[in-house]
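Trainee: task: produce atomic coordinates for the following.
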Amino acid sequence: MMKLNIGKFEVGGKRSFIIAEIGNNHNGDFERAKTMIDKAFEIGADCAKFQMRHLDQVYRKSSLEKTGEDLGTEYIIDLLNRFELTVEQHRELSKYCSSKGILYLCTPWDVKSVDTLESFDVKAYKVASADLTNLPLLDKLSQTEKPLILSTGMSTTDEVRFVVNFLNERAVQFVLLHCNSTYPAPLHDINLKWMNSIQAIHPLVGYSGHERGISVSMAAVALGAKVIERHFTLDRMMEGPDHAASLEFNEFKELIKGIRDIEQALGSGEVRNLSQGEMINRENLGKSLVAASDLKKGTVLRAEHIKVLSPGQGLSPNNYSKLVGIELKRDIQMEDYFFSSDIEDNRFKPRQYKFKHPWGIPVRYHDFRTYEKLIQPDLYEFHLSYSDMELDPAEYLDGPYSCGFVVHAPELFKGSRLMDLATPDQKYREESIHETQRVIDITRSLKKYFPNESRPQIVANIGGFSMDAPFPKELLESYYEQFFRSLEELDMDGVELIPQTMAPFPWHFGGQRYQNIFVHADEIVKYCKKYNLRMCFDVSHSMLTCNHFGLDFYEFVEKIAPFTAHLHLGDAKGLNGEGLQIGEGEIDFPRLGAILNKGCPKATFIPEIWQGHKNGGEGFWKALELLEGTL
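Mentor: Take a look at the predicted model:
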């Protein structure tokens, strides 16, 4: 049986090594961090673990300046800028742990942080899921000759095998942790039996859990986990992405719950599928291969032309060796992503498509001009982040444009607050109304650039979600009534707010919640009739709804189509395979198109493909190619 030592602790024996992952749950408060060390020691954890980043070494300059990244990346960077501790504070925490008799560990997110932590006499290093394929960082860590603990969330089986070989070649001692990197992770995605597959790849395994409660972590120990890592917080309701998936003092101390959670969480163990939430977090937290300088078409790529930086929206770092030596087939600017098409030369390009329905593509302010030069759709759907709401559209739009437009309201506002126009919390509802009114005002201001759009639509995820369990059915009507009360308090002159049809398990920046309203077709029809409401029909969301509840999707479509103003078209599979490319899921699009052409012949649509905007929008162009002839 394989074992290794971390300080005075033997990992791989009968006793599991327990890590209290404090991370950034101190929210930047040094004294709170010390209190959390005290509490971690009191609950009996072996280790208090933190995280260290030098942000200029982790993110692209444009990411730090918020000049071109997705909403999730902006959100993460905003939190990190406020919550990161200084190097000296980390040094003091290391000493404080030693004085308390608990091991200090830290996750370095960049090479510079490794050099800093080496001066602390750290006994081992944790590698985050986001860096499992970051070979330069792993190589640097291997040179310390200290044990590594690596989470495997957001990675495929082949990537895990690749990294295991990489570390074995360097004679590194390490533990692999099974992990589902969503915050919180739904039980049906955890696939705990996959620990058996990890053990076939590398015998020393553990579990890093982000699920609600503690029973699954206990089950992991029963399945052979030699390390258990759980996020630790003083209050799950604090601001920040990890608190909701963390354990409070009493939960961590007990680490006991019923067996039924385990039964739901075991999974098949046959394959490591990435959930939708993990794909989101892989994009936001992972690393990409990017250009180290401006490069011209025809350049033969060498090592000095390539860097590894976040976010993970380009070619994964484990494709590094495939990229070196190729001849570039396009110009690329410094810190732009490399993509699979740079290796395989299979990039889709736009053309003018023909549809019966008015069609468009999703854009943000910063990329509108790029797309406007490439294609002439009937409309654009502007996806706003809370940062975009502070921008002046005149810096990004010229106009007038002959096409129409739709606005997609942010689901997340400043302070990590999700929009919820249906909440019974009056103060929270008022905040959501205030922010929604701002979106409405912005939408009205955009009409001058699109004079042919008489009454622009605003797509909104209007709330009605819960964190830990679905609402009782008897409460649902009150949530619908709260939403329509909010509509009455909004000045919607000249615009139309259209809620999206929702899946039962929406993903909010990588974390899963329970959605309670605008999920079931009969409810949607009832309230559309009662309040003269129209919908944005997200077919991918609703396919997941039908899969979860065992409903006929095409019967669902026939009910919703007459109340549909706008369509989001993407494929879907299983319980959370959302926004897949057309043809990669379970939807029969010719059959769907026939129902929509009859039921809502004037409804507009966009392709809603996960990360379809990457590599010049190739996901959108491919989707439009595949949809042509069906709508």
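Trainee: ok, residue 395 - how many residues close by?
Mentor: 8 (other Cβ atoms under 10 Å). Where you see a C-beta, it was placed from the backbone N, CA and C, and this is true even at glycine.
Trainee: against residue 331, how distant is the residue nearest to it when sequence neighbours are not counted?
Mentor: In space, and not counting its chain neighbours, residue 395 is closest to residue 365: 7.8 Å by Cβ to Cβ, 6 or more residues apart in numbering. Per Cβ to Cβ, to the nearest Å, residue 365 is found 24 Å from residue 331.
Trainee: quick one: which of the two has more around it?
Mentor: Using other Cβ under 10 Å, the more surrounded residue of residue 365 and residue 331 is residue 365, with 18 against 13.
Trainee: look up how far residue 383 lies from that one.
Mentor: Look at residue 365 and residue 383: by Cβ to Cβ, they are 9 Å apart.
Trainee: quick check: next helix or strand after the worst-scoring helix or strand of the chain on mean pLDDT?
Mentor: When each helix and strand of the chain is scored by mean pLDDT, DSSP states H and E, helix 259-265 comes last, with a mean of 69. Using DSSP states H and E, the helix or strand that follows helix 259-265 in sequence is helix 276-285.
Trainee: give me the low-pLDDT residue ranges for the chain?
Mentor: The chain contains residues with pLDDT under 70 at 1, 67-70, 256, 258-259, 262-263, 345-347, 508-510.
Trainee: could you rerun that using 80?
Mentor: 1, 65-72, 75, 81, 241, 256-277, 279-280, 344-348, 415-416, 507-512 (pLDDT under 80).
Trainee: roughly how far apart are residue 30 and residue 85?
Mentor: Separation of residue 30 from residue 85 (Cβ to Cβ): 7 Å.
Trainee: which of those two has more neighbours?
Mentor: Using other Cβ under 10 Å as the criterion, residue 30 and residue 85 rank with residue 85 on top: 19 against 15.
Trainee: mind listing what that one touches?
Mentor: For residue 85, the contact set (Cβ atoms under 8 Å, 6 or more residues apart in numbering) comprises 26, 28, 30, 33, 50, 52, 93.
Trainee: please name the nearest non-neighbouring residue to the third one.
Mentor: Across the structure, with Cβ to Cβ, 6+ apart as the measure, the residue nearest residue 30 apart from its sequence neighbours is residue 89 (5.1 Å).
Trainee: repeat for the fifth one
Mentor: On the basis of Cβ to Cβ, 6+ apart, the spatially nearest residue to residue 50 that is not a chain neighbour turns out to be residue 106, at 4.8 Å.
Trainee: can you tell me the SS state at that neighbour?
Mentor: strand (DSSP: H, G, I helix; E, B strand; the rest coil).
Trainee: now do the contacts for residue 213.
Mentor: Residues in contact with residue 213 (Cβ under 8 Å, 6+ apart) are 251, 257, 261.
Trainee: quick check, nearest of these to residue 550?
Mentor: Of all the contacts of residue 213, residue 550 sits closest to residue 261, with 22.2 Å by Cβ to Cβ.
Trainee: hmm, that closest one is touching residue 185, no?
Mentor: No: judged on Cβ atoms under 8 Å, residue 261 makes no contact with residue 185 at a distance of 11.9 Å.
Trainee: these two: which has the busier surroundings?
Mentor: residue 185 (25 against 19).
Trainee: what sits against the more buried one?
Mentor: Counting by Cβ under 8 Å, 6+ apart, residue 185 has contacts 209, 210, 211, 245, 275, 277, 512.
Trainee: excluding chain neighbours, what is closest to the second one?
Mentor: In space, and not counting its chain neighbours, residue 210 is closest to residue 245: 4.0 Å by Cβ to Cβ, 6+ apart.
Trainee: cool, the last one as well?
Mentor: Distance criterion Cβ to Cβ, 6+ apart; nearest residue to residue 512, sequence neighbours excluded, is residue 186 at 4.5 Å.
Trainee: likewise the first one?
Mentor: Spatially, and ignoring its direct neighbours in sequence, residue 209 is nearest to residue 217 (4.8 Å; Cβ to Cβ, 6+ apart).
Trainee: contacting residues around the closest residue to residue 52 other than its chain neighbours?
Mentor: In space, and not counting its chain neighbours, residue 52 is closest to residue 113: 4.3 Å by Cβ to Cβ, 6+ apart. When contacts are counted by Cβ under 8 Å, 6+ apart, residue 113 touches 52, 53, 54, 57, 106.
Trainee: longest helix in this structure, by residue count?
Mentor: Longest helix in the chain, counting residues (DSSP state H): helix 426-446.
Trainee: for that one, which helices and strands make contact with it?
Mentor: strand 404-408, strand 412-413, strand 417-418, strand 457-460, helix 476-489 (3 or more Cβ pairs under 8 Å, 6 or more residues apart in numbering; DSSP states H and E).
Trainee: hmm, who's touching it?
Mentor: With Cβ under 8 Å, 6+ apart, helix 426-446 has contacts from 382, 384, 386, 389, 393, 397, 405, 407, 409-410, 413, 417, 419-423, 456, 458, 460, 463, 482, 486, 489-495, 497.
Trainee: for the residue nearest to residue 209, give me its contacts.
Mentor: Per Cβ under 8 Å, 6+ apart, neighbours of residue 217: 207, 209, 211, 228, 230, 255.
Trainee: likewise residue 536?
Mentor: Taking Cβ under 8 Å, 6+ apart as the criterion, residue 536 is in contact with 457, 459, 498, 499, 500, 501, 564, 565, 566, 567, 568.
Trainee: ok, now residue 91?
Mentor: With Cβ under 8 Å, 6+ apart, residue 91 has these contacts: 119, 120.
Trainee: what separation do you get for it and residue 137?
Mentor: Taking Cβ to Cβ, one finds residue 91 at 21 Å from residue 137.
Trainee: just to revisit the earlier point, find residues that contact each of residue 261 and residue 185.
Mentor: residue 211.
Trainee: quick one on the thing from earlier: wait, the residue nearest to residue 210 sits on residue 229?
Mentor: No: here residue 245 lies out of contact with residue 229, judged by Cβ under 8 Å, at a distance of 11.8 Å.
Trainee: could you pull out the strands in the stretch 101-250 of the chain for me?
Mentor: With DSSP state E, counting those that start in this stretch as the criterion, the stretch 101-250 of the chain has strands at 103-108, 125-127, 148-151, 174-179, 205-209, 227-231.
Trainee: residues of the first one that come out buried?
Mentor: Of the residues in strand 103-108, those scored as buried under the neighbour-count criterion (16 or more other Cβ atoms under 10 Å) are 103, 104, 105, 106, 107, 108.
Trainee: re earlier: kindly indicate which of the contacts of residue 217 lies nearest residue 606.
Mentor: residue 211 (33.8 Å).
Trainee: the closest one: how many residues sit nearby?
Mentor: Residue 211 - counted by other Cβ under 10 Å - has 23 other residues nearby.
Trainee: tell me the phi and psi of residue 470?
Mentor: When read as degrees, to the nearest 10, the backbone of residue 470 gives phi -60, psi 150.
Trainee: dump the residue contacts of it.
Mentor: Going by Cβ under 8 Å, 6+ apart, residue 470 touches 504, 514, 516.
Trainee: ok, and the closest non-adjacent residue to the first one?
Mentor: So the one you mean is residue 504. residue 548 (5.1 Å).
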